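Trainee: Structure, please.
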Amino acid sequence: MGPTSFWTRVGGRPATRGMRATRPVVATLVSSPGRSAVLLGLLFGLAGTGTSAVTVALPDLARDLAVTPSTAAWIVSAYAVALAVATPLHGRLADMAGIRLPLCVGVAAMATGAAVAAIAPNFPVLLAARVLQGAGAAAIPVLATALISARWQGADQAAALGRVAGVAATFSALGPLLGGGLEAVGSWRWAFVLPLLGVLAIPVLWRVAPTGGTGEPVDRVGAVLVALAASGLVLLIQSPSAGVLAAVVGAVLLVAGVPAVTAWVRHRPDGFLPRSIITNSTVLTSAFAAAAVPASWFALLLGVPLTAAAWGWTPLATGLLLLPAAVVGFVSPPIARVLLAHLGARRSLALACPTAVVALLVAAMGGATASPVLLALAVALVTVAFGVGQPAMISAVGGAVPATQRGVALGIATLVFLVGASVGAALIGGLADIVGIPGAFLVLIVLPVAGMTTLLLNRAKVPAPA
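Mentor: Residues are numbered from 1 along each chain as shown. This is a model prediction of the structure:
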């Protein structure tokens with residue numbers, strides 16, 4: 001991507017079209033980074049509740065749609081894969097058309113997917129709706145932060161991004177309680193409706209988001225090949241519970257997809273996966289190490305409600321059990337800022353991985369001994385790891401590439417990060433029926449241990465944040 005790409009122009013003249021507000025409320029929003037940050041943080045949170053609010057309702061969903069809990073876990077894995085692959089795709093669409101169109105279309109797709117999921121007559125329709133929802137929600141992480149960067153600079157920008165992170169973390173962490181409450185007053189279908197609220201933000205986003213784009217075409221072939229390879233990985237991991245067909249399809253997609261992606265990168269080095277980014281050792285090391293954290297987080301968000309349901313707990317009771325994690329989510333952004341300032345990105349990331357290991361160990365003990373306190377503690381611990389690991393990865397990757405490549409590098413790192421989330425969910429879905437949920441938690445420890453090992457073996461120094 002050239003130096004005139006969207007990522008390097010968001011603060012400049014070409015990215016200012018379409019920002020005029022015609023209504024007082026919009027003008028107030030545009031003039032206030034705090035209000036804008038709250039709105040965008042709520043959108044972040046709605047995207048997060050696409051997973052956290054739904055997991056507590058999975059047991060009831062499985063019974064109602066006549067599928068096993070392991071099969072029901074596909075709605076988490078499919079959402080995560082779509083979220084991962086579509087995140088850098090939305091960034092490239094913003095290169096072509098500016099922030100406004102892909103962000104508004106993404107929010108609309110997220111809401112549409114949520115609406116269809118809530119009324120889905122069967123599991124295949126529900127699964128397709130979740131893919132649409134995840135693909136739409138992917139626009140929010142990458143383009144909401146870009147919108148803040150386009151509107152403000154310096155201290156205002158830093159404060160706004162921090163507020164976005166705080167609001168998003170808190171709202172996402174409240175997802176299990178919100179989902180459990182909605183299920184209690186309605187049914188499991190109500191747990192899917194929260195992202196529908198995103199449509200209320202579209203009129204404001206349409207007026208404030210910039211429209212300038214380069215017109216550069218998106219590498220659709222590269223995006224499709226990456227999606228196929230990632231889907232093959234998730235299918236293969238979840239195949240122990242999904243059956244032989246899933247294993248065969250997953251193996252074919254993975255075996256064919258990885259060489260195809262490699263060949264395409266060689267053919268088009270500036271395409272969906274820029275060669276200069278995916279060969280940067282710091283970017284790769286940071287992204288792969290960080291990916292173990294959402295793998296652990298998604299695994300607990302899925303495994304803990306399934307465990308509680310086996311004890312006879314209602315979704316609302318499970319949501320209350322996970323309430324302490326919401327408090328942790330609220331304080332995680334300032335903790336992350338302090339750690340990054342004192343330890344730097346690499347050490348902060350190295351701290352997140354062992355925290356995830358401890359969380360998985362505590363969760364396995366909680367599941368084996370039927371201890372709700374240990375399960376609540378485990379989710380709180382992994383929330384800390386997530387709250388520290390994601391900004392540490394962003395800081396590490398951002399400091400490892402030139403400014404002209406920063407947006408693309410962060411998009412690719414986020415893709416790897418979210419593929420980790422889908423792997424964590426798939427491992428719970430694939431192994432729970434074979435080794436039990438506590439056993440699946442123990443198997444998952446391999447991932448953060450591998451992340452720590454990767455960081456230790458990487459001799460490239462990751463710069464500390466400025």
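Trainee: Contacts only, for residue 414.
Mentor: By C-beta atoms under 8 Å, 6 or more residues apart in numbering, the contact set of residue 414 is 84, 87, 88, 141, 142. (Each C-beta comes from the backbone N, C-alpha and C, glycine too.)
Trainee: Filter those down to just the ones in helices.
Mentor: Secondary structure from DSSP state H places 84, 87, 88, 141, 142 of the contacts of residue 414 in helices.
Trainee: Neighbours of the second one, how many?
Mentor: Burial measure for residue 87: 26 neighbouring residues, criterion other C-beta atoms under 10 Å.
Trainee: Pretty sure it sits against residue 140.
Mentor: No. Contact criterion C-beta atoms under 8 Å: residue 87 and residue 140 do not qualify, at 9.3 Å.
Trainee: show me where the stretch 51-200 of the chain has helices.
Mentor: Listed in chain order, the helices of the stretch 51-200 of the chain (DSSP state H, counting those that start in this stretch) span 58-64, 69-72, 74-97, 100-119, 123-137, 139-151, 154-173, 175-185.
Trainee: Flag whichever of those has the least confidence on average.
Mentor: Mean pLDDT per stretch puts helix 154-173 lowest among the helices of the stretch 51-200 of the chain, at a mean of 70.
Trainee: Let me know the helix or strand that the residue most central in space within the chain is in.
Mentor: For the chain, the residue nearest the mean C-alpha position is residue 418 (5.0 Å; C-alpha atoms, centre = their mean). Assessed by DSSP states H and E, residue 418 sits inside helix 406-444.
Trainee: Now that helix: buried residues?
Mentor: By neighbour count with 16 or more other C-beta atoms under 10 Å, helix 406-444 contains the buried residues 406-432, 436-438, 440-444.
Trainee: report the angle between the axes of that helix and helix 123-137?
Mentor: 140 degrees (axes from the mean of the first three to the mean of the last three C-alpha atoms, to 10 degrees).
Trainee: List the buried residues in the helix or strand containing residue 207.
Mentor: Per DSSP H and E: residue 207 is located in helix 202-208. Within helix 202-208, the residues scored as buried using 16+ other C-beta under 10 Å are 204, 205, 206, 207, 208.
Trainee: Run through the stretch 301-450 of the chain and note the low-pLDDT ranges.
Mentor: Counting by pLDDT under 70, the stretch 301-450 of the chain shows low-confidence ranges at 404, 407.
Trainee: For it, which segments are assigned as helices?
Mentor: Going by DSSP H, counting those that start in this stretch, the stretch 301-450 of the chain shows helices at 315-321, 323-369, 372-398, 406-444, 446-457.
Trainee: among the ones you listed, which is nearest residue 163?
Mentor: Closest to residue 163 of those, according to C-beta to C-beta: helix 323-369, at 8.5 Å.
Trainee: Okay, buried residues for the helix or strand containing residue 231 please.
Mentor: Assessed by DSSP H and E, residue 231 sits inside helix 220-242. By neighbour count with 16+ other C-beta under 10 Å, helix 220-242 contains the buried residues 222-223, 225-242.
Trainee: Could you dump the contacts of residue 414 into a markdown table and include distance to residue 322?
Mentor: Output for these, formatted as a markdown table (distance: C-beta to C-beta, whole Å):
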| residue | distance to residue 322 |
| --- | --- |
| 84 | 24 |
| 87 | 25 |
| 88 | 30 |
| 141 | 22 |
| 142 | 27 |
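Trainee: and which of the residues you listed is nearest residue 299?
Mentor: residue 84 (15.6 Å).
Trainee: Burial check on the closest one, number of neighbours?
Mentor: Neighbour tally, residue 84, other C-beta under 10 Å: 27.
Trainee: Wait, residue 264 touches residue 224, no?
Mentor: No. Using C-beta under 8 Å, residue 264 is not in contact with residue 224; the gap is 9.7 Å.
Trainee: quick one: contacts for residue 257?
Mentor: Contacts for residue 257 (C-beta under 8 Å, 6+ apart) come out as 225, 226, 228, 229, 230, 232.
Trainee: And those, which is closest to residue 193?
Mentor: Distances from residue 193 to these, taken by C-beta to C-beta, are shortest for residue 230, at 27.6 Å.
Trainee: What is the three-state secondary structure of residue 210?
Mentor: coil (DSSP: H, G, I helix; E, B strand; the rest coil).
Trainee: Wait, it touches residue 101, no?
Mentor: No. Between residue 210 and residue 101 there is no contact under C-beta under 8 Å: 10.4 Å.
Trainee: picking that back up, wait, which of the ones in helices among the contacts of residue 414 is closest to residue 71?
Mentor: Out of these, the member with the shortest distance to residue 71 (by C-beta to C-beta) is residue 84, at 21.0 Å.
Trainee: With adjacent residues omitted, what lies nearest to the closest one?
Mentor: What sits nearest to residue 84 in space, not counting adjacent residues and going by C-beta to C-beta, 6 or more residues apart in numbering, is residue 418, at 3.4 Å.
Trainee: And the one you found, how close does it get to residue 190?
Mentor: 26 Å (C-beta to C-beta, to the nearest Å).
Trainee: Contacts for stretch 301-313, please.
Mentor: By C-beta under 8 Å, 6+ apart, stretch 301-313 touches 51-52, 55-59, 69, 73, 76, 176, 315, 317-318, 321-322, 363, 366-367, 370, 372, 375, 378-379, 424-425, 428-429, 432, 437, 440-441.
Trainee: try stretch 354-371
Mentor: Taking C-beta under 8 Å, 6+ apart as the rule, stretch 354-371 contacts 292-293, 296-297, 299-300, 303-304, 307, 311, 372-375, 377-379, 381-382, 384-385, 388-389, 436-439, 441-442, 444-445, 447-449, 451-452.
Trainee: Buried among the residues you listed? Need that as a selection in PyMOL.
Mentor: Restricted to buried positions by 16+ other C-beta under 10 Å, the PyMOL selection for the contacts of stretch 354-371 reads:
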select buried, resi 292+293+296+297+299+300+303+304+307+372+374+375+377+378+379+381+382+384+385+388+389+436+437+438+441+442+444+445+447+448+449+451+452
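Trainee: Sweet, I'm off.
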